[in-house]
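Enquirer: Only the shape, not the letters, is given here:
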């Protein structure tokens, strides 16, 4: 790619997503984390959340989903690091938005530091935030 096709610092990308209870249950089966706070509505009703919450790592898996397939990442991207803070619970069948902002590019190394956030578009509250480090020779100087 030519230099003018590189993704510049400050670029932002947004995607919407949600998870179903079946996806949460599949994640529980894959990881072995069958904590009833995620999978048992009767148990979860007795907690401060009132209903099952999505596993934190399933929730933040949207970062790799979108960065692996879309800009500011895409095919050929290598995920080097992810720092993540889980600020609020997330619930099934609720639409959330993920926002990526290119914060820094390490010139000559083809590495970008990308702010990663998940928020509720209804309330404007952030549920997950962090920084992902991504290498892509086609997209970053």
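Expert: Arrived safely, thanks for sending. Note that the structure is predicted; figures quoted are calculated from it, not measured.
Enquirer: any idea of the mean pLDDT in the longest helix seen in the chain?
Expert: Counting by DSSP state H, the longest helix found in the chain is helix 56-69. Averaging pLDDT along helix 56-69 yields 96.
Enquirer: what does stretch 24-35 give?
Expert: The model assigns stretch 24-35 a mean pLDDT of 98.
Enquirer: ok so, going back, which elements pack onto the longest helix of the chain?
Expert: strand 12-17, helix 21-31, strand 78-86, strand 96-106, strand 111-119, strand 126-135 (3 or more C-beta pairs under 8 Å, 6 or more residues apart in numbering; DSSP states H and E). Where you see a C-beta, it was placed from the backbone N, CA and C, and this is true even at glycine.
Enquirer: and these, which is most packed in?
Expert: Ranked by mean neighbour count, these are led by strand 111-119 with a mean of 21 (mean count of other C-beta atoms under 10 Å).
Enquirer: tilt between that one and strand 126-135?
Expert: Per axes from the mean of the first three to the mean of the last three C-alpha atoms, to 10 degrees, the angle that strand 111-119 makes with strand 126-135 is 160 degrees.
Enquirer: Can you tell me which residue sits nearest the middle of the protein?
Expert: The centroid of the chain falls nearest to residue 63 when counting by C-alpha atoms, centre = their mean (2.9 Å).
Enquirer: on that earlier part again, can you add distance to residue 45 and give the helices and strands packed on helix 56-69 back as TSV?
Expert: Compiled in TSV, the helices and strands packed on helix 56-69 are given as follows (distance: least, C-beta to C-beta, whole Å):
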stretch	distance to residue 45
strand 12-17	25
helix 21-31	14
strand 78-86	21
strand 96-106	22
strand 111-119	24
strand 126-135	21
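Enquirer: Out of the ones you listed, flag the one nearest residue 141.
Expert: Among these, strand 96-106 comes nearest to residue 141, with 6.0 Å by C-beta to C-beta.
Enquirer: ok, that closest one: who's next to it in the sheet?
Expert: Sheet pairing here is set by DSSP bridges, and for strand 96-106 it gives strand 12-17 (antiparallel), strand 111-119 (antiparallel).
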